[in-house]
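Participant: Here is a sequence together with a model predicted from it:
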Amino acid sequence: MWKLIKTAFKIIIFSFFFVSCKEEKYKYDIFDFSTELQPSLKSLSNEKSLPSKDTIARKFIEKHATKEELIKLMDSKNPILRVIGYKTIVNRQEPEYFDLLKNHLSDTAKVTWWYYEDAGSKFNVSDLMIRKAYEKNGLSPIQKKYLVEKVLLEHPYLETSTWMIQDINPNEKYYNLIRKRAKLKSARCGEQLSACFALSKFKKKEDLNLLHQIFEQNINNDYCITWILRSIEKYPDEKFFPILEDYFNKKIKGKLSAKDNIFDDILYFSRAISAYKNERVLRILKYIEQNNTYINKPYWPPSNKKYVYKAILINYDKIYDDLIKQLQSEFKKEDLDKLGFGRQLLEYDEESDW
């Protein structure tokens, strides 16, 4: 009985200490800053979201606040002011920006950020700080590696973790987290399926059934089809081939027409299926290549031919040699030059951020 009382007492003391420390960390009120800054800080503290509407107040802070005041602002009671303080530090390229970021990864206060004029959401303060440092090209490869490990192992609840997971190379120390995310359904299918994309990079047989089940459940969701196709391209196991054949028969065969436009899903389908490198694949790729979905006929080459050409170069095999030569003979030299070579064949959003 006495042991239980002692344990309960320790928990209460620890909880009190934890809350006290958290409150102490973000302790500064507006009146703790210089009188010169207080009117602008008061105006900005009344903002409901970012970017702040009072640009005059924000510019005043950017111009007149000292580095020490900005660092102090990162520990203010108002989370919007904390974000503004850090963004100003990064904009000024202050050398302490990364150390300050490391010390604020646990800032889980929510701030509404409008990333487009008509689209916004609530983010953790630390998420917004990470994005700011990234956007200003302020993160070296070593710093990125540090942040990935810190976020995925200690702060996996951050929004940034989804971005990191889909981007990094397979690493066993993150495998359990990635597999857990792949099993987790969410309102936004991209969160689960981007984790499946990350999981597919490990190419583990024990993940086949899980991935197959999730792909089958989501294959008709046009919003997330790209993640499925990219996952299969990474891990072209025979178990997934029927999914691609079924998609081809339902979504592509008999559907390609010069009256309709073509979308990126045809590109990623071509890449996914070309990773299998067999005669069945060759017939499907030839069908796509021969059936234009090309509206602007004066322009050449049509996208269906470009997509197939890119796919068979990215996932090259001798079985594609004749088709490569055929397409090269149809394209002008300047068209081939525009398509590029090697990594240039990948899409712009496939470039690794982390």
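Facilitator: Sure, I can see it.
Participant: Buried by neighbour count: which residues of the strand or helix carrying Met129 qualify?
Facilitator: Here Met129, judged by DSSP states H and E, is contained in helix 125-135. Buried residues in helix 125-135, counted by 16 or more other C-beta atoms under 10 Å: Val125, Ser126, Asp127, Leu128, Met129, Ile130, Arg131, Lys132, Ala133, Tyr134. C-betas here are computed from N, CA, C, even on glycine.
Participant: now swap in stretch 200-211 and tell me
Facilitator: The neighbour-count check on stretch 200-211 (16+ other C-beta under 10 Å) flags Ser200, Lys201, Phe202, Asp207, Leu208, Leu211 as buried.
Participant: closest to Phe331 among the buried residues of helix 125-135?
Facilitator: Distance to Phe331, by C-beta to C-beta, is smallest for Tyr134 among those, at 37.0 Å.
Participant: who's in contact with the closest one?
Facilitator: Contact criterion C-beta atoms under 8 Å, 6 or more residues apart in numbering gives Asp353 as the residues in contact with Tyr134.
Participant: If we use 10 Å, what do you get?
Facilitator: With contact taken as C-beta atoms under 10 Å, 6 or more residues apart in numbering, Tyr134 is in contact with Val90, Gln143, Lys144, Leu147, Thr160, Trp163, Asp353, Trp354.
Participant: Counting neighbours, which of the residues you listed comes out on top?
Facilitator: The most crowded member of the contacts of Tyr134, judged by other C-beta atoms under 10 Å, is Thr160 (24 neighbours).
Participant: measure it to Val148 for me?
Facilitator: Thr160 sits 9 Å away from Val148 when distances are taken as C-beta to C-beta, to the nearest Å.
Participant: rewinding a little: in the helix or strand following the helix holding Met129, which residues are buried?
Facilitator: Next in sequence after helix 125-135, counting helices and strands by DSSP H and E, comes helix 141-154. Neighbour counts over helix 141-154 (16+ other C-beta under 10 Å) mark Lys144, Leu147, Val148, Val151, Leu152 as buried.
Participant: just checking, the first one touches Ser352?
Facilitator: Looking back up the chat, that one is Lys144. Yes. With contacts defined as C-beta atoms under 10 Å, Lys144 counts as touching Ser352 at a distance of 9.5 Å.
Participant: ok so, going back, and the helix holding Met129, average pLDDT?
Facilitator: Per-residue confidence for helix 125-135 averages out to 96 on the pLDDT scale.
Participant: With stretch 328-341 instead?
Facilitator: Stretch 328-341 shows a mean pLDDT of 86.
Participant: Could you give me the buried positions within it?
Facilitator: Along stretch 328-341, the positions that meet the burial threshold by neighbour count (16+ other C-beta under 10 Å) are Phe331.
Participant: roughly how far apart are Gly190 and Tyr223?
Facilitator: Where Tyr223 is concerned, Gly190 sits at a distance of 7 Å (C-beta to C-beta).
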